[in-house]
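Participant: show me how the following folds:
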Amino acid sequence: MINQIKRAIPFGIKILLKKILNLGTRYYCNCCGSHIRRFCAGGENLPPIVDNKIIGAGYREQDYCPVCRSTYRHRLVWLYLSSLKIWKKPLSVLHIAPEEMVARKLSEIRQLRYITGDTNPDRYSHYTGAIRMDITRIPFEDNTFDVIICNHVLEHITDDRKAISELYRALKPGGFSMMQVPISEVLKQTHEDPMITTEEERVKQFGQKDHVRIYGEDYFKRLEDAGFRLEITGLSDYTHIPRVSRMALHEKEKVVVGYK
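Facilitator: Down below sits the predicted model:
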C-alpha cells in the first residue's frame with residue numbers, strides 16, 4: 001500500500017517535499033536545484049579500487065543527493081553540459097545508460113531529437129523511453145548525432161574498442177561524445193583479461209561485478225585511435241560557475257570529450 005501511494009505522487013511533488021526535508025545552505029545539487037545540508041555517503045572502497053587509486057569509483061562521504069539521488073558523477077556531467085551554449089538550436093542527442101536527472105532535463109528541451117538507449121531499457125522506463133541498444137552495434141546510420149553521452153559505460157563493455165569506433169561512426173563531423181570512465185591514477189596500461197568472466201573474480205580484479213577492466217593512462221589513446229580529437233577538462237575549469245564549490249565534486253575527476 002505504501003509503495004502504491006509513493007508511485008501515485010507526481011515526481012515534481014516528491015522532489016519538492018524532499019527539498020523541504022533536506023533544506024540547508026552548505027551544499028547544492030545542480031541536477032535538481034536543491035540547497036541541502038549534506039549529500040549522502042555512497043560507494044565501496046574495495047581493494048582493487050584503493051590499490052589502483054581509481055578516480056570515479058569507491059567510497060565517497062558526499063556522494064549522492066538525498067533529493068534526486070544524483071551522484072557526484074552525474075553532477076559533473078550536468079555541470080559540463082549546462083555550461084555549453086548549444087541548447088537553443090536543433091540537435092540530435094544520443095544518451096546511453098541515461099542518468100535520470102540529466103535525462104529529465106534534456107528531454108525538456110523541445111528542439112532536441114533526444115534518444116536514450118541501453119541493453120536493458122526497462123530499468124529506465126519510469127523516466128525515459130529508452131530503446132534496446134548494443135553500443136558495439138549502434139542502430140543508426142553514420143553521422144547521425146551531434147552529441148553522444150556515454151558516461152561510465154565502456155568499463156562494462158567487453159569489446160570496448162568496437163564500442164568506441166561505433167560512437168565515432170554515429171557522430172556527425174564536428175559533433176562530440178562525453179566518455180568518462182573510472183580510471184586509475186597509477187596504471188599506465190589498462191588492466192583487463194577476457195578470461196575473467198565470473199562476478200566474484202571481477203569484483204576481486206576490477207572492483208565491481210559488472211566491470212571488465214580497470215582503465216589506465218592508455219584509455220585516452222584508445223579514443224584517439226578511433227579518430228577522436230580529445231578535450232579534457234577538470235574541476236578547476238568550472239570554478240567560475242556559481243555554486244560549483246558546493247556540489248561536492250571529485251577534485252581529480254576529468255570531463256573527457258571526444259570530437260569528430
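
Participant: could you use CA atoms for every contact and neighbour count after this?
Facilitator: Will do.

Participant: quick one: contacts for the most centrally placed residue in the chain?
Facilitator: By CA atoms, centre = their mean, the chain has its centre lying nearest to N151, at 3.5 Å. Listed by CA atoms under 8 Å, 6 or more residues apart in numbering, the contact set of N151 reads I96, A97, M178, M179, Q180, V181.

Participant: how about 7 Å then?
Facilitator: By CA atoms under 7 Å, 6 or more residues apart in numbering, the contact list for N151 reads M178, M179, Q180, V181.

Participant: could you count how many residues lie near the third one?
Facilitator: Read it as Q180. 22 (other CA atoms under 10 Å).

Participant: quick one: it and V147, what's the gap?
Facilitator: Distance from Q180 to V147, counting by CA to CA, to the nearest Å: 14 Å.

Participant: same check, this time on the second one
Facilitator: Relative to V147, M179 is positioned 11 Å away (CA to CA).

Participant: kindly reformat the contacts of N151 as a markdown table containing pLDDT, distance to S107 and secondary structure.
Facilitator: Listed next are the contacts of N151 as a markdown table, based on pLDDT from 0 to 100; distance: CA to CA, whole Å; DSSP: H, G, I helix; E, B strand; the rest coil:
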| residue | pLDDT | distance to S107 | secondary structure |
| --- | --- | --- | --- |
| M178 | 98 | 18 | strand |
| M179 | 98 | 20 | coil |
| Q180 | 97 | 21 | coil |
| V181 | 98 | 24 | coil |
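
Participant: next, format the residues you listed as JSON lines and append distance to L167.
Facilitator: Output for the contacts of N151, formatted as JSON lines (distance: CA to CA, whole Å):
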{"residue": "M178", "distance to L167": "10"}
{"residue": "M179", "distance to L167": "10"}
{"residue": "Q180", "distance to L167": "13"}
{"residue": "V181", "distance to L167": "15"}
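
Participant: what's the most distant pair in those residues?
Facilitator: The span of the contacts of N151, defined through CA to CA, is set by M178 and V181 at 9.8 Å.

Participant: just the contacts of N151 now: which is nearest I164?
Facilitator: Scanning the contacts of N151 for proximity to I164, where the rule is CA to CA, the winner is M179, at 9.2 Å.

Participant: phi and psi next, for the closest one.
Facilitator: The phi/psi pair for M179 (degrees, to the nearest 10) reads phi -140, psi 60.

Participant: count of residues packed around it?
Facilitator: Counted with other CA under 10 Å, the neighbours of M179 add up to 21.

Participant: contact partners for it?
Facilitator: M179 makes contact with I149, C150, N151, V256, V257, according to CA under 7 Å, 6+ apart.

Participant: for S177, same thing?
Facilitator: V147, I148, I149, V257, G258, Y259.

Participant: chain center to the helix or strand containing S165: distance?
Facilitator: Assigned by DSSP states H and E, S165 belongs to helix 160-170. Centre-to-centre, helix 160-170 and its host chain are 17 Å apart (CA atoms, centre = their mean, to the nearest Å).

Participant: repeat for stretch 224-240
Facilitator: That offset, for stretch 224-240, works out to 15 Å (CA atoms, centre = their mean).

Participant: what's the answer for stretch 124-132, then?
Facilitator: That offset, for stretch 124-132, works out to 16 Å (CA atoms, centre = their mean).

Participant: number of residues surrounding T25?
Facilitator: 12.
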